[in-house]
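# fold the following.
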Amino acid sequence: MYTTELYKELPDNVKSFFDRQYEDSYRLLDASRHPETGLYADGWMAFEENPEKKCSIAATGVGLIGLCVADMEGWDEQAAEKVIITLSAALGKIDNCQPARDEKTGFFAHFVDMETGENLSSEISTIDTSLLVAGALFAGQHFKKTVPQIDVMANELLNEIDWSVVVADIDTGSINMVVKDGEGIMSLPAYNEYVLVAHLAMLGQPENPNIQDLWNKNFSEEKISELPQVHYRDLPVLTDTNGEKGANSFLSSFVHQFPFYLVPEYTKSEVYRKFYENACTADRLKWKERHDVPSYVWGYGAGPNDGLHGGYHADKINNSPGDVASAYIVAGFLPVYPAGIFDLYALYQLHLPYDTYENPEDKEDERKLRESYRYGLHRYSWWHLKGSEKKYPTKVTLIDWSSMLYGLTAFKRGTSFFTNRLTDKVNQQTT
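Numbers count the residues shown, from 1 in each chain. Modelled structure (predicted):
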């Protein structure tokens, strides 16, 4: 099994931390999985019962990739069996569990009941469906030789969906975010994480001319450098065209990370990798403008702020209420900033030793920190860590946590772990 030199050369103390955090990146997912339906919760709850009732279809895709990592690392001998259960639920083949879908196109509702699949008052979402299908195809490739049934099920899921409705405007690269009554609505122009939607549309319906044009005129490698950009200092960073401040609007760092790990053409592209590195550098430099935080505190990610200062928010440069840092963003950027592992270690060692923390003078504080960070580093407020009024986040959303799993996996096993398990649009069409 391939192991990177970066991992091999880690000092023993950092490697011990890495190994614990890496395995915990899977354990959090497994703790959020429904044992009978195999669906995954929207988030892991620090101070409540798990898994929660609300399943996220996107999180279920993350869970499928997590099972592949667990199988590779030997953490879960039942990984393949769990994948089959999860895909059976997604395909409506488990009794009394029918995940809500648009009848005409097959796209899934974002949030459904963990046991029945009933729609929990959420939209039919193209990106969340895409994250589920990406996880399914990933598992299909991972288990293709040992459990070929999984690949069959994954492609069945891919082909049940009418991807044509995602195309909104070919000229601008706009993709419909929502499907309602068989029609795509609520378009969002490039650039954003919906690159994944366009990629999967090419896999599902490669002969559709509108889908071909959407990809080839906007998202193919030769077009990446023409996508909308915003500059942080002198660094060009990809952005969309309808931000709050137009050309001065930045995107949350997770937006750059999802295509890097889940769209193989982007993972392999030197052009995208440079933009990815720029996004990482811009994130770090913006945090350095705050003179009251150490250099290892950074990461503009999305996530819930419950227990800190407010609700869910996608933090970004120039729009980060409360300046909550996301450790999983640091992990997600490890392929272009491997020194980030030492930033995570410093945060763990000096402030959030989640597996060893003791506070004899305040046992309640000890309990809260250990529970909130039971599965390792995630979102945190530097000022709440250092101040007299300590607060800890109460929930970790799985889709945002995925950057931790993906980044640590790539650090140890290389980005080829992802490109080898994600179907390449071009290669599929030519075979």
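# going forward, measure contacts and count neighbours with C-alpha atoms only.
Fine.
# which residue comes closest to Arg284 once chain neighbours are left out?
Closest residue to Arg284 apart from its sequence neighbours, by C-alpha to C-alpha, 6 or more residues apart in numbering: Trp298 at 5.9 Å.
# just give me the neighbour total for the one you found.
26 (other C-alpha atoms under 10 Å).
# quick one: secondary structure of it?
coil (DSSP: H, G, I helix; E, B strand; the rest coil).
# where does Leu385 land in three-state SS?
Taking three-state DSSP as the rule, one finds Leu385 in the helix state.
# swap in Gly310?
Recorded secondary structure, Gly310: coil (three-state DSSP).
# confidence score at it?
In this model, Gly310 is scored at 84, pLDDT.
# could I get the pLDDT score of the residue nearest to Arg284?
Per-residue pLDDT puts Trp298 at 98.
# OK, contacts around it?
Counting by C-alpha atoms under 8 Å, 6 or more residues apart in numbering, Trp298 makes contact with Asp283, Arg284, Trp287, Ala325, Ser326, Ala327, Val330.
# Met153 too?
So Met153 contacts Leu87, Ser88, Gly140 (C-alpha under 8 Å, 6+ apart).
# that one: what secondary structure?
On the three-state scheme (three-state DSSP), Met153 is labelled helix.
# show me what contacts Thr60?
Thr60 sits next to Leu39, Tyr40, Ala41, Thr86, Leu132, Gly135 when contact means C-alpha under 8 Å, 6+ apart.
# Gly311 is in contact with Gly322, correct?
No. The pair Gly322 and Gly311 fails to qualify as a contact (C-alpha atoms under 8 Å) at a distance of 11.0 Å.
# looking at the two, which is more packed in?
More neighbours surround Gly322 than the other of Gly322 and Gly311, with 14 against 10 (other C-alpha under 10 Å).
# count the residues that sit near the nearest residue to that one once chain neighbours are set aside.
With C-alpha to C-alpha, 6+ apart as the criterion, Gly322 has its nearest non-adjacent residue at 6.8 Å, and that residue is His309. By the criterion of other C-alpha under 10 Å, His309 has 17 neighbours.
# related to what we said a few turns ago, of the contacts of Met153 - the most surrounded one?
Leu87 (28 neighbours).
# can you say which helix or strand has Ser130 in it?
helix 126-142 (DSSP states H and E).
# show me what that helix is packed up against.
helix 57-73, helix 148-159, strand 174-180, helix 195-204 (3 or more C-alpha pairs under 8 Å, 6 or more residues apart in numbering; DSSP states H and E).
# ok, the residue nearest to Tyr312 when sequence neighbours are not counted - contacts?
Sequence neighbours aside, Pro304 is the residue nearest to Tyr312 in space, at 3.9 Å (criterion: C-alpha to C-alpha, 6+ apart). Contact analysis of Pro304 by C-alpha under 8 Å, 6+ apart lists Gly310, Gly311, Tyr312, His313, Pro393, Lys395, Val396, Thr397.
# tell me, how many residues neighbour the residue nearest to Gln229 when sequence neighbours are not counted?
Leaving aside its sequence neighbours, Gln229 sits nearest to Leu238 (C-alpha to C-alpha, 6+ apart; 4.4 Å). Here the number of neighbours of Leu238 (other C-alpha under 10 Å) works out to 27.
# report the contact partners of the closest residue to Leu200 other than its chain neighbours.
Counting by C-alpha to C-alpha, 6+ apart, Leu200 lies nearest to Ser130, which is 6.9 Å off, once chain neighbours are set aside. The contact partners of Ser130, taken as C-alpha under 8 Å, 6+ apart, are Ala58, Leu196, Val197, Leu200.
# how about Glu118?
Going by C-alpha under 8 Å, 6+ apart, Glu118 touches Gln98, Pro99, Ala100, Val112.
# re the thing from before, ok, of the contacts of Pro304, which come out buried?
His313, Pro393, Lys395, Val396, Thr397 (16 or more other C-alpha atoms under 10 Å).
# turn those residues into CSV, columns for pLDDT and distance to Met45.
CSV is the format used below for those (pLDDT from 0 to 100; distance: C-alpha to C-alpha, whole Å):
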residue, pLDDT, distance to Met45
His313, 96, 17
Pro393, 96, 9
Lys395, 97, 5
Val396, 98, 7
Thr397, 98, 9
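# just give me the closest of these to Lys386.
Pro393 (14.9 Å; C-alpha to C-alpha).
# need the next SSE after the strand or helix carrying Glu222, C-terminal direction.
Using DSSP H and E, the element containing Glu222 is helix 221-224. Next helix or strand after helix 221-224 toward the C-terminus (DSSP H and E): strand 229-232.
# and that next one, what other elements does it pack with?
So strand 229-232, by 3+ C-alpha pairs under 8 Å, 6+ apart, packs with strand 235-238.
# for the strand it packs on, name the packing helices and strands.
Secondary-structure packing of strand 235-238 (3+ C-alpha pairs under 8 Å, 6+ apart): strand 229-232, helix 270-288.
# distance from it to the middle of the chain?
21 Å (C-alpha atoms, centre = their mean, to the nearest Å).
# can you give me the mean pLDDT across that strand?
Strand 235-238 comes out at a mean pLDDT of 97.
# for the stretch 1-150 of the chain, which segments count as helices?
5-8, 12-31, 57-73, 79-90, 126-142, 148-159 (DSSP state H, counting those that start in this stretch).
# need these in TSV with mean pLDDT and distance to Arg273, can you?
Shown next, in TSV, are these (pLDDT from 0 to 100; distance: least, C-alpha to C-alpha, whole Å):
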stretch	mean pLDDT	distance to Arg273
helix 5-8	98	18
helix 12-31	98	23
helix 57-73	98	22
helix 79-90	98	31
helix 126-142	98	20
helix 148-159	98	27
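# kindly reformat the ones you listed as CSV containing distance to Asn50.
Putting the helices of the stretch 1-150 of the chain into CSV (distance: least, C-alpha to C-alpha, whole Å) gives the following:
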stretch, distance to Asn50
helix 5-8, 32
helix 12-31, 7
helix 57-73, 14
helix 79-90, 17
helix 126-142, 21
helix 148-159, 27
